[in-house]
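In: Prediction below, plus the sequence it came from.
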Amino acid sequence: MSAVVVVGAQWGDEGKGKVIDFLAEQADVVVRHQGGNNAGHTVVVNDQEFKLHLVPSGILYPDTVCVIANGVVIDPKVLLGELDYLTKRGVDVSRLKISSKAHLVMPYHAILDAVNEDRRGDQKIGTTLRGIGPAYMDKAARVGLRVGDLLHPEEFRDRLSRVLKEKNHLLSSAYGAEPFDFDEMYQSFLDYGRALAPYVADTSIIINQAIDRGERVLFEGAQGTMLDIDHGTYPFVTSSHPSAGGAAIGAGVGPTKIDRVYGVAKAYTTRVGDGPFPTELLDEVGHDIRERGHEYGTTTGRPRRVGWLDAVVLRHAVRINGLSGLAVTRLDVLDGIESLKIATAYEYQGERLEEFPDSAWAFRDATPVYETMPGWDESIGMVRRFEDLPENAQRYLRRIEDVVGVPVVLVSVGRERSHTIPLEELF
Ligand code: GDP
Ligand code: IMO
Ligand code: MG
């Protein structure tokens, strides 16, 4: 197996960072291909916690090449801050490669993100306010600025001055916001360009050559399938393609080169931000899971909404991504809960729905049809073999396989790299 894609199967924060870090031990190259610093991926090694927003979660291994590919939107100030943070903690970042085609998140994008959210009123998305949506809007509108532009000061001056004129006009006339100073922005972005220049490359060539040499390439999805701009809970989604197809476009790799796709799912469900969430728990049990699981956002610190596992959502993720298997994380968080529920279907207007509804309104108003299973009392954090899990935990995982339709290939029982039970060879 040479090229493996790992995606979020729910609404993000499934534990992709942890799973990628675990798999990266065997990888030669780890690639981020979409999203931006709306992502927050946590990796814990020997009690040391690393929070990564743009740098791939393979960076902690000394020989792994890490790529930020063309589909990512990069806030250069945030990226340089992250490289500095990693360097100070003893991590060598010299193997990082950054696509010249990746778009830049500019200071006006964050302002526009906030203004847009404000104007949405009670229909707000609950974005991370990192400017991600407006950066992808400019990319699609063909007025985006790219990493490679920073290496051509004269051309960059010309493009930035045209774009900034437009943005300043919009900000001051429509929103009454302060316009940005051109010279200040130009100079600071030239500085960012100089600092990033050693890392900039044609990353599609690097990735394809690695695949052709038979090296192991791991694609690290950000966000999750339900936040996909086409296949998620639109309009309460992000502005990129977190589903597996996004890896091909976002890295410049043909779909025929991808061997396997794994989905990461929590043993329950969380969502941060607004939008429908049929299995949401607004009671004591939800509160309890949030507190024992420290369910607070890695990027924004917001409390995550918590609910039961939703197999309808997971079957949707299997279909949209062509999942080969599921990595189930945070099983330990369910320790000691007397009975567990899995939504296996929805009910909507008197009808039973087996598939994720095509209509956003049906999804909003659907009620889950639950199956209840007994929980377990033991603490499972120290378990390293599937057979050593409590019987009811094994049954829960087997039932997930039955109702979702793909095998569970990895189980995570804690935050540490070592708290992992692989059930088969993933590469
Ligand atoms: P990502 O965005 O998908 O990479 O996930 P985040 O890092 O934002 O959130 C997942 C959180 O769960 C992080 O704090 C991880 O350290 C933690 N985590 C991952 N796997 C497990 C697990 O199996 N058990 C527990 N208790 N925590 C986990
Ligand atoms: P990782 O990679 C969870 C959510 C936001 C909001 C919506 C749109 O850590 O799993 P955006 O700022 O992207 O325009 O916000 O998407 N969101 C995430 N939720 N995990 C993430 O990333 C997310 N990135 C964005 O909360 O609902
Ligand atoms: Mg996260």
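Out: Thanks, I have it. Ligands and ions are numbered 1, 2, ... in the order given.
In: Find the residue at the geometric middle of the chain.
Out: In the chain, the centroid-proximal residue (CA atoms, centre = their mean) is residue 222; its distance is 2.0 Å.
In: Up against ligand 2, what does the stretch 51-200 of the chain have?
Out: Taking CB under 6 Å from any ligand atom as the measure of proximity, the stretch 51-200 of the chain contacts ligand 2 at 125-128, 130, 132-133. Any C-beta I mention is one placed from the backbone N, CA and C, and that applies to glycine too.
In: Show the subsequent helix or strand relative to the host helix or strand of residue 158.
Out: Element membership for residue 158 (DSSP states H and E) is helix 153-169. Next along the chain after helix 153-169, taking DSSP H and E as the criterion, comes helix 175.
In: if you average pLDDT over that following helix, what comes out?
Out: The pLDDT scores in helix 175 average 89.
In: On the C-terminal side of that helix, identify the next helix or strand.
Out: By DSSP H and E, the next helix or strand past helix 175 is helix 182-196.
In: what are the pairing partners of the helix or strand just after that following helix, and which direction each?
Out: Remark: after helix 182-196, the chain's next helix or strand is strand 200-201, criterion DSSP H and E. Taking DSSP bridges as the criterion, strand 200-201 forms sheet pairs with strand 96-99 (parallel).
In: what's in contact with the helix or strand bottoming out on mean pLDDT in the chain?
Out: Every helix and strand of the chain was ranked by mean pLDDT, DSSP states H and E. The lowest is helix 175, at a mean of 89. Defining contact as CB atoms under 8 Å, 6 or more residues apart in numbering, one finds that helix 175 is touched by residue 115.
In: Stretch 239-250 now?
Out: The contact list for stretch 239-250 (CB under 8 Å, 6+ apart) reads 5, 7-8, 12, 31, 33-35, 69-73, 132-133, 135-137, 219, 221-225, 227-232, 253-255, 258, 261, 317, 320-323.
In: let's go with 6 Å and repeat that
Out: Identification of contacts with stretch 239-250 by CB atoms under 6 Å, 6 or more residues apart in numbering yields 5, 7-8, 33-35, 69, 71, 132-133, 136, 219, 221, 223-225, 227-229, 231, 255, 261, 320-321.
In: With stretch 303-318 instead?
Out: Contacts to stretch 303-318, defined as CB under 6 Å, 6+ apart, come from residues 9, 225, 263, 265, 268-272, 277, 279-281, 286, 289-290, 295-296, 341-344, 346, 356, 403-406.
In: Pull out the buried members of the residues you listed.
Out: Taking 16 or more other CB atoms under 10 Å as the criterion, what is buried in the contacts of stretch 303-318 is 9, 225, 263, 265, 268-272, 277, 279-281, 286, 289-290, 295, 341-344, 346, 356, 403-404, 406.
In: all helices for this protein, in order.
Out: Taking DSSP state H as the criterion, the chain carries its helices at 16-24, 76-88, 107-120, 132-140, 153-169, 175, 182-196, 203-212, 245-251, 284-292, 311-321, 360-365, 391-404.
In: Minimum distance to ligand 1: which of those has it?
Out: Of all these, helix 16-24 sits nearest to ligand 1, with 3.2 Å by CB to the nearest ligand atom.
In: Does residue 124 touch residue 115 like I think?
Out: No: at 11.6 Å, residue 124 does not count as touching residue 115 under the criterion of CB atoms under 6 Å.
In: for the helices of the chain, which one sits closest to residue 302?
Out: Of all the helices of the chain, helix 284-292 sits nearest to residue 302, with 11.3 Å by CB to CB.
In: show me what contacts the residue of the stretch 301-427 of the chain found nearest ligand 1?
Out: Nearest residue of the stretch 301-427 of the chain to ligand 1, counting by CB to the nearest ligand atom: residue 412, 3.3 Å away. Going by CB under 6 Å, 6+ apart, residue 412 touches 15, 329, 420.
In: Of these - the most surrounded one?
Out: residue 329 (25 neighbours; other CB atoms under 10 Å).
In: what's the spacing between the nearest residue to residue 347 once chain neighbours are set aside and ligand 3?
Out: Leaving aside its sequence neighbours, residue 347 sits nearest to residue 367 (CB to CB, 6 or more residues apart in numbering; 5.0 Å). Separation of residue 367 from ligand 3 (CB to the ion, to the nearest Å): 28 Å.
In: and residue 267, how many residues sit next to it?
Out: Using other CB under 10 Å as the criterion, residue 267 is surrounded by 25 other residues.
In: returning to what we had before: and residue 124 and residue 115? which has more neighbours close in?
Out: Remark: of residue 124 and residue 115, residue 115 carries more neighbours, 18 against 15, as counted by other CB under 10 Å.
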